[in-house]
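# 3D, please:
(chains A, B and C)
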Amino acid sequence: MAAVQETIDAVKEIGVEKYKYGFTTDIETEKAPKGLNEDVIRFISAKKKEPEWMLEWRLDAYRRWLTMEEPDWARVNYPKIDFNDIYYYAAPKNFEDGPKSLDEVDPELLRTYEKLGIPLREQELLAGVRRQGEPSALDGDPADSVYASGRVAVDVVFDSVSVVTTFKAELAKSGVIFCPISEAIRDHPELVKKYLASVVPVSDNYYATLNCAVFTDGSFVYIPEGVRCPMELSTYFRINEENTGQFERTLIIAEKGSYVSYLEGCTAPQRDENQLHAAVVELIVMEDAEIKYSTVQNWYPGDENGKGGIYNFVTKRGDCRGDNSKISWTQVETGSAITWKYPSCILRGDGSQGEFYSIAVSNGAQQIDSGTKMIHLGKNTSSRIISKGISAGKSQNTYRGRVSAHRKASNARNFTQCDSLLIGDQCGAHTVPYIEANNSSAQFEHEATTSKISDDQLFYCLQRGIPEEEAIALIVNGFVKDVIQKLPMEFAVEAQKLIGISLEGSVG
Amino acid sequence: MIEIKNLHVKIAAEDTEIIKGLNLTVQDGEVAAIMGPNGSGKSTLSYVLAGKPDYEVTEGEVLFNGENLLDMEPYERAAAGVFLAFQYPMEIPGVATMNFLKAAMNAQRKARGEDEYTTPDFIKKVKAAAGKLDIDMTMLKRALNVGFSGGEKKRAEILQMALLEPSLCILDETDSGLDIDALKIVSDGVNALRDPKRSFIVITHYQRLLEHIVPDSVHVLYQGRIIQSGDKSLALHLEENGYADVIASAA
Amino acid sequence: MNVVLKHNAVEESLLAMAGKGSASDSLREFGLPTRRVEAWHYTDLRRLLKHVPARAEKLSAEDAKTAAGDYPRVVPAIRLPLFDGQYLEEFADELPAGCSVSRYGGANGSNYAKDDAIGLLQGLMGAEGVQIEIDGGVTIDTPIGMPHTSTNAAYSGIAHSVSVGKGAKVSLIERYLSPDDMGVQVNAISHLNVGEDADVTWVIIQEHGNDATHLAQLHVSLATSSKLTIIMLNCGGKLVRQEIKIAVEGENSELNVLGVNLVGGESHVDVTTIMTHTVEDTASTQLYRNVATSRGHGVFQGQIKVAQAAQRTDAKMACNTLLLSDDAEFSAKPELEIFADDVLCGHGATVTDINDDHLFYLNARGIPIEEARALLIKAFVDETFEDLADENLEKALIARIDTWLQKNGS
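Predicted coordinates:
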């Protein structure tokens, strides 16, 4: 209930400006020249002080990319992207050497974090305003709900660079590495070399290959054997500069018997131009280890007529390499003009498990084509997919998923439930599952439904005095509850709020 | 006080007129029972008063404490004090009953310019009301009406009525689907809410509910009109003789 | 930048057999579909279609007589026999009053869509069949059968066009047979118009031999308040693709599809359906039961499309598969494409083995495990055709299922 109330408050707060994070930050930046060529890649690599092998790796990817074609099978339409009209590198100017502490952070940037409302406590802690465990001046401030526990390590990526990573020292005590990937390339080359592109190969797909060539930053996480990461890890992505692409790269390795919960949040300012975001996320999970990866994606969706907004082309894949390993993807997708995203699990280890819990909300002119792939390779593997799509306005919302069992994947199990809710008669909801069984002991169950909020349910709420918009938010939050429950507590509140905001204006 | 004057109602999508010139006044504190055979327009009347969009009022007016009820949105009517206990309460998956109660109570309070309940106050109120209706708090953690038995659904309706403190309660066949024990609990719940400032419209098929909720007046609805009114003895008369002679004498 | 497609041997031979025309142009441009064409995702026709034999020779009068003489009937039916791509008018049964039949040469298409390979093949190779008109208000109690038998390893193009008038009631049976080990190829396209208030049952029985290629389409349009039941059994063939495309374009019309696909041996059987609801208040229900065994590859693609105007559509589909061998494969792609908000649409798809609990239960009652398995498989499939209005048809279909199950060792 609290969340519903907050949803309404949030909607009110926003008033005319629906997109809460649509501000820009006015700070000096340094950019690579516009466009894409080998020199730009050399520039990026040099800025990141990368070793030669990394540059070669990037150039090789770039050359492959030149021979590839953009995929066209998703149910999304957009004008052809001019890849030479994008800046591939932008960094706040005084961060060239990477910040050592928040004191070094440009005050403008700090103000940005404040507006984002998220890493406030982290700033507090790092700035020495308060010590760990002390009550915060922020207690009770609803805007701070996400990180209310004060126990979340954060990596913040601003356009092309990671500007701050918190709790590094404390994490290092338990052997956990949590740092910008650019730093990992310099400091942990053996790990990066071993695992980078081992789940998403360099030529996996058009956008992933592009990412290999031009990725600028992202997070690197390494959890050593037997370690349960002592706190949630989180990366906060923001695209600020105009005409800038963001190509982040995340690599998470969970060694035998380890566990980590990782959260990812994204925002971008409100701009009339489309901005490109092509990320690659790779997860590697060894025997008995588990990664829980949660995303709240709230890139700027463009205006009601489809002007502006982020093109979000993301490749996320996890490899359950060891026996009895587990990957759980949870996503709340409310932003972006176009979303093209299929967080997947390769269930390679015997007894490994994959989960995908998704809420995709589209309104205005948004187009979402998202889902998952569960590739069953090992014996006794299981997967579970719960997808809740909500379409409003003139948006198109597609679930696309693949579940396959290899010949040798005996006793593969899958359960899939895809429910779509339509609000208004101008939008579309589509379900495209691919179910491929090559083993007689496979048990696959897929179910999908599409419906609207029933008039009777709505009337019932109205009769109890709940106004229409609030009633819809209430019913929708009930509809997505199974997925919300999978999010870390603090994220769940934020997610419910976002859903309410995203659906604002969809009634009447 | 509610005054229904020459009310004519048809189904919005069709031309079938269901209520054909209905007149009824229920005073503050009065419990009015409406009885009538199937298809006489009883449920339609309850929906029209609550503002269900499937119906169209073609003539007449409804004054609720002097205000034109028909001009108000359904949620405004609720905030003004109109409560309908549904014959078939809706299931809303995923929405915990407690959350729903809080959403409804605070929405109404806000609409009336009152402060919203704090969580402890709210829980205290719910616990007290639920106890009287023999409702277990664990039931209220479940999604609203989802998987509730017939009796649980009706008790949940009365609980909402108690918490929302309306000034006009419309009970649409609240006795249907209840066994004798549940009927007693529900009726006791209703009786506890009887108040000089609160009026009731109790729609039912059977006299047996009226043994528990004793009405001040009884009205027979037939073919969209009130054809006879009387005191509680009219209900007994109907129980013994059926509707036939009342209908015959009205014709 | 138009890359000229390099044709493979099958495409070359098709182009050589066919004359000039829009079908040739289309084939030259697109080639046969590969899995890159979404509608053929699981049936890479360019790879799977190894060759297209020459068109069948015309039967001599004598051969025709022999062939038609001992023609096996599925159920008592009014028979319009076809052999090797020819309609044998002289051996056709007489049709009842209110019903007319004539030889039909197929609809000449043009502007083939990239995924309409079956239409394109027919355009290239030609076809023959029957055109049937059922007058309004007529009820025909005996089903009309259009059996086609292939007697040699040749290509047969079949085209039927059936129009059912207002309020008429009729059953039609499309049936395809060929002997085992004979590389026959059949390309069959039927068009069915169901008139206002009409009630039609359309049966497809594909019981080819184990080396047949069968590529077929059924196109249907449903008028206001009409009712159509499609009953389909696929229990033969080596390379089979049956497309069913239905335009539900009359308000209050109702569609039911019951399909069984038995996929064994080395066969590849693909059933692809597209239900398009374009008007208000229509309903469709589809149930498919599939069994894949041996090295069979079964494919089911079922699309439900609901246009923006089609409010209050009630569309349901279930596709259940038993996979009985580790060398067998089944691929399912049920799809929903919904543009109207006041709808109730859903699909379910399962791929499973026999339920162990059921197996144990029967076993515990003294039924040996193999026998119990066979019983459960049979029950799973038979259920689809339970309680058909036409008991004779039900028996005939069940008999064919039994034969197939015995032959395929399950």
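# and A:Y78, which helix or strand is it part of?
Assigned by DSSP states H and E, A:Y78 belongs to no helix or strand.
# ok, for it, nearest residue in space, not its chain neighbours?
Using CB to CB, 6 or more residues apart in numbering or on different chains and skipping the chain neighbours, the partner closest in space to A:Y78 is A:I338 (5.6 Å). Placement of C-beta: from N, CA and C, glycine included.
# centroid residue for chain C?
C:Q242 (4.1 Å; CA atoms, centre = their mean).
# pLDDT at the residue in chain B that chain C sits nearest to, what is it?
Nearest to chain C, among the residues of chain B, is B:A13, at 11.6 Å (CB to the nearest CB). We have a pLDDT of 83 for B:A13.
# swap in B:Q87?
On pLDDT, B:Q87 comes in at 90.
# can you count the residues close to it?
19 (other CB atoms under 10 Å in any protein chain shown).
# same deal with C:G165?
20.
# next up, phi/psi of it, please.
phi -70, psi 170 (degrees, to the nearest 10).
# thought C:S226 was touching C:N193, still the case?
No: checked against CB atoms under 8 Å, the pair C:N193 and C:S226 is beyond contact range at 9.5 Å.
# for residue 35, what are its contacts?
Reading this off chain A. Neighbouring residues of A:G35 by CB atoms under 8 Å, 6 or more residues apart in numbering or on different chains: A:83-86.
# my bad, chain B
Counting by CB under 8 Å, 6+ apart, B:M35 has contacts B:203-205, B:218-221, B:235, B:238.
# who does it form a beta bridge with?
B:T204, B:V220 (DSSP bridges).
# now do it against B:A244, distance only.
With distances taken as CB to CB, to the nearest Å, B:M35 is found 14 Å from B:A244.
# now swap in A:R58 and tell me
92 Å.
# one more: B:T25?
27 Å.
# what about residue 51, how many neighbours?
As the question left the chain open, I've gone with chain A. Other residues close to A:P51 by other CB under 10 Å number 15.
# chain C was what I was after
Neighbours of C:H51 using other CB under 10 Å come to 12.
# which pLDDT does the model give it?
So, for C:H51, pLDDT stands at 89.
# for it, which non-adjacent residue is closest in space?
That would be C:V10: by CB to CB, 6+ apart, it lies 5.8 Å from C:H51.
# for that neighbour, which three-state class applies?
helix (DSSP: H, G, I helix; E, B strand; the rest coil).
# list the residues that contact it.
Here C:V10 is in contact with C:32, C:46, C:49-52 (CB under 8 Å, 6+ apart).
# pLDDT on stretch C:356-366, on average?
The model assigns stretch C:356-366 a mean pLDDT of 83.
# give the buried residues for it.
C:359, C:362 (16 or more other CB atoms under 10 Å in any protein chain shown).
# and A:R58 and B:A244? Which one has more around it.
Neighbour totals were compared for A:R58 and B:A244, and A:R58 leads with 22 against 10 (other CB under 10 Å).
# export the contacts of C:V10 to TSV and tack on secondary structure?
Listed next are the contacts of C:V10 as TSV, based on three-state DSSP:
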residue	secondary structure
C:L32	coil
C:R46	helix
C:L49	coil
C:K50	coil
C:H51	coil
C:V52	coil
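# give me the low-pLDDT residue ranges for the chain?
In the absence of a named chain, this looks at chain A. A:1-29, A:91-154, A:156-166, A:238-244, A:266-272, A:490, A:507-508 (pLDDT under 70).
# I was thinking of chain C, sorry if that wasn't clear
For chain C (pLDDT under 70), the answer is C:1-4, C:67-73, C:410.
# residues of the stretch 1-150 of chain B that sit close to chain A?
B:50-54, B:73-75, B:77-79, B:83-84, B:86, B:89-96, B:98-100, B:102-104, B:106-108, B:111, B:116, B:119, B:143 (CB under 8 Å from any CB of the partner chain).
# in ChimeraX, select just the buried ones from the residues you listed.
Those of these that count as buried under 16+ other CB under 10 Å are selected in ChimeraX with:
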select /B:50,51,52,74,75,77,78,79,83,84,86,89,90,91,92,93,94,95,96,98,99,100,102,103,104,106,107,108,111,143
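# related to what we said a few turns ago, please identify which of the contacts of A:G35 is nearest to A:R348.
Relative to A:R348, the closest of those is A:F83; by CB to CB it sits at 33.8 Å.
# what is the neighbour count of that closest one?
A:F83, neighbours per other CB under 10 Å, totals 15.
# was I right about B:T25 contacting B:E3?
Yes: using CB under 8 Å, B:T25 is in contact with B:E3, at 4.8 Å.
# given the lengthiest strand in chain A, what are its sheet partners and their directions?
Ranked by residue count, the top strand of chain A under DSSP state E comes out as strand A:309-320. In the sheet, strand A:309-320 lines up against strand A:274-277 (parallel), strand A:280-285 (parallel), strand A:338-341 (parallel), strand A:344-347 (parallel) (DSSP bridges).
# now that strand: how far from the chain's centre is it?
On the basis of CA atoms, centre = their mean, to the nearest Å, strand A:309-320 sits 7 Å off its chain's mean C-alpha point.
# at the geometric centre of the chain, which residue do we find?
Chain wasn't specified; assuming chain A. A:T295 (4.1 Å).
# actually, chain B is the one I wanted.
B:I170 (1.9 Å).
# that one pairs with what?
Those that pair with B:I170 in a beta bridge, by DSSP bridges, are B:L84, B:I201.
# where does the stretch 151-251 of chain B come near chain A, residue by residue?
So the stretch 151-251 of chain B meets chain A at B:160, B:164 (CB under 8 Å from any CB).
# below-threshold pLDDT in the stretch 151-251 of chain B: ranges please.
B:251.
# how far away is the spatially closest residue to A:I284 that is not a sequence neighbour from C:S267?
Distance criterion CB to CB, 6+ apart; nearest residue to A:I284, sequence neighbours excluded, is A:I253 at 4.7 Å. The gap separating A:I253 from C:S267 is 45 Å, by CB to CB.
# got it, and A:A278?
42 Å.
# again, but for A:G349
34 Å.
# again with A:L191
Distance from A:L191 to C:S267, by CB to CB: 49 Å.
# which of these two has more neighbours?
C:S267 (24 against 16).
# residues contacting that one?
C:S267 neighbours (CB under 8 Å, 6+ apart): C:210, C:237-240, C:296-297.
# equivalent analysis for C:K333, please.
A:432-435, C:41-42, C:300-302.
# one more: C:V306?
Here C:V306 is in contact with C:277, C:313, C:315, C:336-340, C:343, C:345 (criterion: CB under 8 Å, 6+ apart).
# what about the residue lying closest to A:I466 once chain neighbours are set aside, which SS state?
Of all residues not flanking A:I466 in the chain, B:A107 sits nearest, at 4.7 Å (CB to CB, 6+ apart). Recorded secondary structure, B:A107: helix (three-state DSSP).
# does B:A107 touch B:A79 like I think?
Yes: between B:A107 and B:A79 there is a contact at 7.5 Å, judged by CB under 8 Å.
# tell me, what's touching those two both at once?
With CB under 8 Å, 6+ apart, B:A107 and B:A79 have common neighbours A:G465.
# give me the buried stretch members for the longest helix belonging to chain C, please.
In chain C, taking DSSP state H as the definition, the longest helix is helix C:391-407. Buried residues in helix C:391-407, counted by 16+ other CB under 10 Å: C:393-394, C:396-398, C:400-401, C:404-405.
# what are the buried residues along stretch C:47-55?
Neighbour-count burial for stretch C:47-55 [16+ other CB under 10 Å]: C:48-49, C:52-53, C:55.
# can you give me the end-to-end distance of stretch B:27-35?
18 Å (CA to CA, to the nearest Å).
# and it, which residues are buried?
B:30-35.
# report whether whichever strand or helix holds A:S383 contacts chain C.
Assigned by DSSP H and E, A:S383 belongs to strand A:382-391. No: applying CB under 8 Å from any CB, one finds strand A:382-391 separated from chain C by no less than 8.7 Å.
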